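J.: pasting the sequence and the predicted coordinates here, then a few questions.
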Protein chains: 2
Amino acid sequence: MSGEDFCPTFQSAVELIGRRWNGAIARALLQGALHFAELSRAIPEISDRLLSRRLRELEEAGIVERRVEDGPPVRVSYALTAKGAALEEVIAQVERWANDWVGAPR
Amino acid sequence: MSGEDFCPTFQSAVELIGRRWNGAIARALLQGALHFAELSRAIPEISDRLLSRRLRELEEAGIVERRVEDGPPVRVSYALTAKGAALEEVIAQVERWANDWVGAPR
């Protein structure tokens, strides 16, 4: 096996999905759009500050879409784009693997 | 959605797989066992020091198995355990998503 088999596209995808909390955010949004406070409750361990940062990064990556709802009061919600929604199969496979193997014997 | 939907098992799995280079290491070993130098060539950007550390972590997580081949010369190779080989579907889905969406329009 040589370096020619290395796949930068795979590498950037797996790092993006695996970056701390990104998987949990995408998983929570698979159920539908959420407001910031709902997302924050859905992922108890993340701070609001880090959640904001991750949402901005996921927006820049084209995975999450920020929607400003007409007010008053003006509210913001977050939803998966088509690119984000396409992560459903990845997330399902990670869940399957985790259920089968994490905490289980080899 | 509430914190009750948060899944720590999913979280630890996605962080393990997504941790920098772990996905690439597992992907390289899906083809079969490799010696250290072969793995190092397969992932051009990783330093030998970091590759060693990641291999130890993956061993501790039960994903990679270190095999000492009878010498001389004594050689060490690395292979996926059953738990590691079960990542094949996860990796295939990440590749599919990356090919479909990374660098592509939303």
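T.: Cool, the structure landed.
J.: excluding its backbone neighbours, what's nearest residue A:13?
T.: Distance criterion Cβ to Cβ, 6 or more residues apart in numbering or on different chains; nearest residue to residue A:13, sequence neighbours excluded, is residue B:98 at 3.6 Å. In short, each C-beta sits where N, CA and C put it, glycine included.
J.: contact partners for the closest residue to chain B within chain A?
T.: Scanning chain A for proximity to chain B using Cβ to the nearest Cβ identifies residue A:18 as nearest, at 0.7 Å. Shown in contact with residue A:18 (Cβ atoms under 8 Å, 6 or more residues apart in numbering or on different chains): B:14, B:15, B:17, B:18, B:19, B:22, B:23.
J.: which pLDDT value goes with the most centrally placed residue in chain A?
T.: Among the residues of chain A, the one closest to the centroid is residue A:26, at 2.7 Å (Cα atoms, centre = their mean). pLDDT, residue A:26: 95.
J.: quick one: which helix or strand includes it?
T.: Using DSSP states H and E, residue A:26 maps to helix A:22-29.
J.: please save the CA atoms from that helix in CSV.
T.: Extracted C-alpha coordinates of helix A:22-29, given in CSV (Å, rounded to 0.1, in the frame of the first residue of the first chain):
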residue,chain,number,x,y,z
ASN,A,22,-20.4,17.7,15.1
GLY,A,23,-21.7,14.2,15.0
ALA,A,24,-24.1,14.8,17.9
ILE,A,25,-25.3,18.1,16.3
ALA,A,26,-26.0,16.4,13.0
ARG,A,27,-27.7,13.5,14.7
ALA,A,28,-30.0,15.9,16.7
LEU,A,29,-30.9,17.8,13.6
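J.: give me the mean pLDDT for the following helix or strand past it.
T.: Counting by DSSP H and E, the element after helix A:22-29 in chain order, helix or strand, is strand A:34-35. Averaged across strand A:34-35, pLDDT comes to 96.
J.: list the contacts of strand A:34-35.
T.: By Cβ under 8 Å, 6+ apart, the surrounding residues in contact with strand A:34-35 are A:28, A:42, A:75, A:76, A:77, A:78, A:79, B:1.
J.: could you rerun that using 7 Å?
T.: Under the contact criterion Cβ atoms under 7 Å, 6 or more residues apart in numbering or on different chains, strand A:34-35 has outside partners A:28, A:42, A:75, A:76, A:77, A:78, B:1.
J.: put together JSON lines for these, with secondary structure, neighbour count and distance to residue B:52 on each row.
T.: Formatted as JSON lines, those follow (DSSP: H, G, I helix; E, B strand; the rest coil; neighbours: other Cβ atoms under 10 Å in any protein chain shown; distance: Cβ to Cβ, whole Å):
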{"residue": "A:28", "secondary structure": "helix", "neighbour count": "22", "distance to residue B:52": "36"}
{"residue": "A:42", "secondary structure": "helix", "neighbour count": "22", "distance to residue B:52": "37"}
{"residue": "A:75", "secondary structure": "strand", "neighbour count": "13", "distance to residue B:52": "49"}
{"residue": "A:76", "secondary structure": "strand", "neighbour count": "11", "distance to residue B:52": "45"}
{"residue": "A:77", "secondary structure": "strand", "neighbour count": "17", "distance to residue B:52": "45"}
{"residue": "A:78", "secondary structure": "strand", "neighbour count": "22", "distance to residue B:52": "40"}
{"residue": "B:1", "secondary structure": "coil", "neighbour count": "15", "distance to residue B:52": "41"}
